[in-house]
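Colleague: Sequence plus predicted model, see below.
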Amino acid sequence: MVLRRTIRPADVDSPGQLGELLDRQAYLADEGLATVAFLALRMGRPLLLEGAAGAGKTELARTLAAVLEAPLIRLQCYEGLDGPQVLYDWDFARQLLHLKAAEAGGVTDAARLEGEVYDRRFLIARPLLKAVETQPSVLLIDEIDRADVEFEAILLEVLSDFAISIPELGTIRAETPPVVVLTSNRTREVHDALKRRCLYHWLEHPSFDREVAILLRRLPTCSETLAEQVAGATGRLRRAGLVKPPGIAESLDWTEALMTLGARELDPDLAAATLGALLKHREDHEAVLGNGFFGDPHGESRG
Amino acid sequence: MVSHVADIRPPGEIPPPPGAGTARDLVAVMTGFARTLRAAGVPADHERTQSLLRALSHLDAARPRDVYWAGRFTLCASADDLPRYDRVFHAYFGGLRAGRPRRAAITVVRYTAVPSGAPGGEGGDRPVRAAGASAAEVLRHRDVAKMTGAELAEVRRLLALLEVGRERRRSRRFGPSHRGRLDGGATIRETLRRGGETARLRYRTHRTRPRRVVLLVDVSGSMTPYADTLLRLGHALVRSEPRATEVFSAGTRLTRLTAELRHRDPSTAMDAASRAIPDWSGGTRLGEEIGRLLETNDAEGAVVVIASDGWERGDVSLLGARMARLSRTAHRVIWVNPHKGQEGYQPLTAGMRAALPYVDDFVAGHSLAAFADLAGLLGGAHA
């Protein structure tokens, strides 16, 4: 093993090396994902990951933060996010207290008061400002498709030059840009202007072999038989036209549930009992249990 | 090491990019590649090409796989671009010229003048342009499927003028108000303006926004006489609230037409939409299409309008199950059935019967008057 030292984005010199570093954190990235993450680090460009829910988008940001030993600053998107919630906000209560105290002390110089009130100590850094100020850092902007277009406009400004201007204070600029990962479940199309700032990657569900490898890597005590059976079953379920096909996150949860119940192999009863970890819609449960998806003792022939 | 076996159709067997030797050649080759991609409909513009070249400077431009990935990350903007990208990549670097994307020949639906006076149509034999007001009144209630060219042109003109109101929903954004929550920022600014004296508190409350309308137009064979008019209604919806409308066509697959319908000119918009629809006049698998609509999340909290005769070719119980989910996801579900306007209509098709329990409003959609009623319904006038 190599002696551990802090890795900076510029130190990574090939996609293969980044793949290994991610692997050490138990994240198996395929060639495409390792290459796009490598380019994001080296080019200082945000990375836009799209794909089905549970494909490992958020996890990549978390793992990159672990690899770089940098704090992960997460911004969960939702409709109505605005400047004060994502950039910075003033601590109004403390500002008011300060004004009251000044008033009690007989200070009447308005210009001086204003200067005092808009001081850095009254400023609350929200995720984007925090990411610009913290170096190194990994900024995760999660589920950007849930936010509205106004928010994308704010983001566009920050992501183009990693600087935030505060009228009362001046411009705060990042010396080295943070590593930015945006994820989208593609419930709506992200605006083109934002996309062209980013490197784009579409994450697919893993192949059978990769899923087995991921299950074994993440759950070292899992038996190979169980991992193969789980990967086989989830693979078939993804093609079965369910309301919500399971992602790799769900198959990991499911395997863990099965192992908790002491399973070494997949059997129909255990599968039915733990199905809630894999499928989250009543319709899907009915469809799977109703057509005997796991009912066949040999498991493979139906679906 | 497990990590570097690619799962995805990688271009392993492709020879190295021709003339990747010098930097200038590389620029020429990549520019040509981007141009070919643009011809195939991938948005690989100049700026994106620059990104590709920058990305390649960090990778090995002589290695086809590196070129493949770098191009994919920088030139593509959506999962929809990926199949086209793969095809062009293989064609371009595999020594072939990529042809223009093949498109199934689609003709814009046009109506031949149906002789009026078919059973059920009122007053078909009457001269259409008898007198201004009454002619317009007759036209308002006539079934569009039984109209002649001139009448249809008039209907289209009126549809192009249709203004559709919207229900409002509470937004997560705030605006100034006289009541609601304390607005810290505004209060501080007001206080400073008065030299530090907290004279009055400012408040803010949630703003409202138009509620999204999602229109799903069945373009299968049995709906052919109505599809054009319904898509024009979609155009009117998009025009009146461009950011709170989504229009889809559904037949054997779900196609989003919102972007196509954004053209201001109705005929340009209709041409674009007709070209985008791959499954004109086929069968309908509404259950599956509604499932797909649910996947997009567009239906969440929206007023969903399904325009179909309910002639389901797929599994009717699936349609019922998907409609049940839709009714829980959407704010309101309106079903527009062109046949409902006919006298003595009974919802007898199996699909219609499966869907009806989950429908909030079941309305006709065969005439201008019916569309005007629907517009009123969308504006919040519930029956």
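Modeller: All right, it came through fine. Keep in mind the model is a prediction, meaning the values are calculated, not measured.
Colleague: From now on I want contacts and neighbour counts done on CA atoms only, so please keep to that.
Modeller: Noted.
Colleague: Does B:P266 touch B:R232 like I think?
Modeller: Yes: if you go by CA atoms under 8 Å, B:P266 and B:R232 touch, sitting 7.2 Å apart.
Colleague: Mutual contacts of these two, please.
Modeller: B:A160 (CA atoms under 8 Å, 6 or more residues apart in numbering or on different chains).
Colleague: what lines up beside the lengthiest strand in chain B in the sheet?
Modeller: Ranked by residue count and defined by DSSP state E, the top strand of chain B is strand B:168-177. Sheet pairing of strand B:168-177 (DSSP bridges) gives strand B:203-210 (antiparallel).
Colleague: what sits up against the partner strand?
Modeller: Counting by CA under 8 Å, 6+ apart, B:166-183, B:186, B:241, B:244 sit against strand B:203-210.
Colleague: do stretch A:195-213 as well
Modeller: Contacts of stretch A:195-213 (CA under 8 Å, 6+ apart): A:33, A:36, A:40, A:45-52, A:55, A:57, A:156, A:159-160, A:224, A:227-228, A:231-232, A:235, A:247-248, B:2, B:7, B:48, B:72-74, B:76-79.
Colleague: one more time with 6 Å
Modeller: Stretch A:195-213 is contacted from outside by A:R45, A:P46, A:L47, A:L48, A:L49, A:E50, A:G51, A:A227, A:E228, A:A231, B:F73, B:T74, using CA atoms under 6 Å, 6 or more residues apart in numbering or on different chains.
Colleague: same question, stretch A:85-93
Modeller: A:F122, A:L123, A:I124, A:A125, A:R126, A:P127, A:L128, A:L129, B:G184.
Colleague: ok, now with 10 Å
Modeller: With contacts defined as CA atoms under 10 Å, 6 or more residues apart in numbering or on different chains, stretch A:85-93 is touched by A:75-77, A:82-84, A:98-99, A:117-132, A:151, A:154-155, A:158, A:164-166, B:183-188.
Colleague: about what we covered before: filter the contacts of strand B:203-210 down to the buried ones.
Modeller: Buried by 16 or more other CA atoms under 10 Å in any protein chain shown: B:R166, B:E167, B:S171, B:F174, B:P176, B:L182, B:D183, B:A186, B:E241, B:A244, out of the contacts of strand B:203-210.
Colleague: Show me the contacts of stretch A:85-93 that map onto strands.
Modeller: Those of the contacts of stretch A:85-93 lying in strands (DSSP E): A:L75, A:Q76, A:L123, A:I124, A:A125, A:I164, A:S165, A:I166.
Colleague: could you dump those residues to JSON lines with neighbour count and distance to chain B?
Modeller: As requested, these are exported to JSON lines (neighbours: other CA atoms under 10 Å in any protein chain shown; distance: CA to the nearest CA, whole Å):
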{"residue": "A:L75", "neighbour count": "18", "distance to chain B": "17"}
{"residue": "A:Q76", "neighbour count": "16", "distance to chain B": "15"}
{"residue": "A:L123", "neighbour count": "17", "distance to chain B": "12"}
{"residue": "A:I124", "neighbour count": "17", "distance to chain B": "13"}
{"residue": "A:A125", "neighbour count": "19", "distance to chain B": "15"}
{"residue": "A:I164", "neighbour count": "21", "distance to chain B": "19"}
{"residue": "A:S165", "neighbour count": "13", "distance to chain B": "17"}
{"residue": "A:I166", "neighbour count": "12", "distance to chain B": "14"}
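Colleague: Can I get these in TSV including pLDDT?
Modeller: Shown next, in TSV, are those (pLDDT from 0 to 100):
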residue	pLDDT
A:L75	95
A:Q76	94
A:L123	92
A:I124	93
A:A125	93
A:I164	91
A:S165	90
A:I166	90
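Colleague: any chance of those residues in TSV, plus distance to A:R218?
Modeller: TSV is the format used below for those (distance: CA to CA, whole Å):
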residue	distance to A:R218
A:L75	26
A:Q76	25
A:L123	41
A:I124	38
A:A125	35
A:I164	39
A:S165	43
A:I166	44
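Colleague: all helices of chain A, in order?
Modeller: A:15-24, A:31-43, A:57-68, A:83-86, A:92-104, A:110-117, A:127-133, A:149-161, A:192-195, A:208-218, A:224-238, A:248-260, A:268-273, A:282-290 (DSSP state H).
Colleague: where does the third one sit relative to the chain's centre, distance-wise?
Modeller: Meaning helix A:57-68. Helix A:57-68 sits 8 Å away from the centroid of its parent chain (CA atoms, centre = their mean, to the nearest Å).
Colleague: Buried residues, it. List them.
Modeller: Buried-residue list, helix A:57-68, by 16+ other CA under 10 Å: A:K57, A:T58, A:L60, A:A61, A:R62, A:T63, A:L64, A:A65, A:A66, A:V67, A:L68.
Colleague: one step back: ranking the helices of chain A by mean pLDDT, which is last?
Modeller: Per-stretch mean pLDDT for these is lowest at helix A:110-117 (a mean of 81).
Colleague: what angle do that one and helix A:92-104 make?
Modeller: Going by axes from the mean of the first three to the mean of the last three CA atoms, to 10 degrees, helix A:110-117 is angled at 140 degrees with respect to helix A:92-104.
Colleague: which strands and helices sit next to helix A:110-117?
Modeller: helix A:92-104, helix B:184-193 (3 or more CA pairs under 10 Å, 6 or more residues apart in numbering or on different chains; DSSP states H and E).
Colleague: which is the next helix or strand following the helix or strand bottoming out on mean pLDDT in chain B?
Modeller: Ranked by mean pLDDT, DSSP states H and E, the weakest helix or strand in chain B is helix B:132-141, scoring a mean of 62. Next along the chain after helix B:132-141, taking DSSP states H and E as the criterion, comes helix B:149-161.
Colleague: What's the local residue count around B:D298?
Modeller: Here the number of neighbours of B:D298 (other CA atoms under 10 Å in any protein chain shown) works out to 21.
Colleague: Next, find the distance separating it from A:L81.
Modeller: 19 Å (CA to CA, to the nearest Å).
Colleague: Can you tell me which residues in the stretch 201-350 of chain B are near chain A?
Modeller: For the stretch 201-350 of chain B, the contact set with chain A under CA under 10 Å from any CA of the partner chain comprises B:243, B:288, B:291-298, B:318, B:321-322, B:325.
Colleague: which one of the residues you listed sits closest to chain A?
Modeller: B:T296 (4.7 Å; CA to the nearest CA).
Colleague: With adjacent residues omitted, what lies nearest to the closest one?
Modeller: A:T187 (4.7 Å; CA to CA, 6 or more residues apart in numbering or on different chains).
Colleague: ok so, going back, could the contacts of stretch A:195-213 be laid out in CSV, adding neighbour count and distance to A:A240?
Modeller: Output for these, formatted as CSV (neighbours: other CA atoms under 10 Å in any protein chain shown; distance: CA to CA, whole Å):
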residue, neighbour count, distance to A:A240
A:R45, 21, 37
A:P46, 27, 35
A:L47, 25, 31
A:L48, 27, 28
A:L49, 27, 25
A:E50, 24, 22
A:G51, 19, 18
A:A227, 26, 20
A:E228, 20, 18
A:A231, 26, 14
B:F73, 27, 30
B:T74, 26, 33
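Colleague: For those residues, could you give me JSON lines that also reports distance to B:A330?
Modeller: Shown next, in JSON lines, are these (distance: CA to CA, whole Å):
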{"residue": "A:R45", "distance to B:A330": "37"}
{"residue": "A:P46", "distance to B:A330": "34"}
{"residue": "A:L47", "distance to B:A330": "32"}
{"residue": "A:L48", "distance to B:A330": "29"}
{"residue": "A:L49", "distance to B:A330": "28"}
{"residue": "A:E50", "distance to B:A330": "25"}
{"residue": "A:G51", "distance to B:A330": "24"}
{"residue": "A:A227", "distance to B:A330": "38"}
{"residue": "A:E228", "distance to B:A330": "39"}
{"residue": "A:A231", "distance to B:A330": "34"}
{"residue": "B:F73", "distance to B:A330": "35"}
{"residue": "B:T74", "distance to B:A330": "36"}
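Colleague: Thanks again, I'm all set now.
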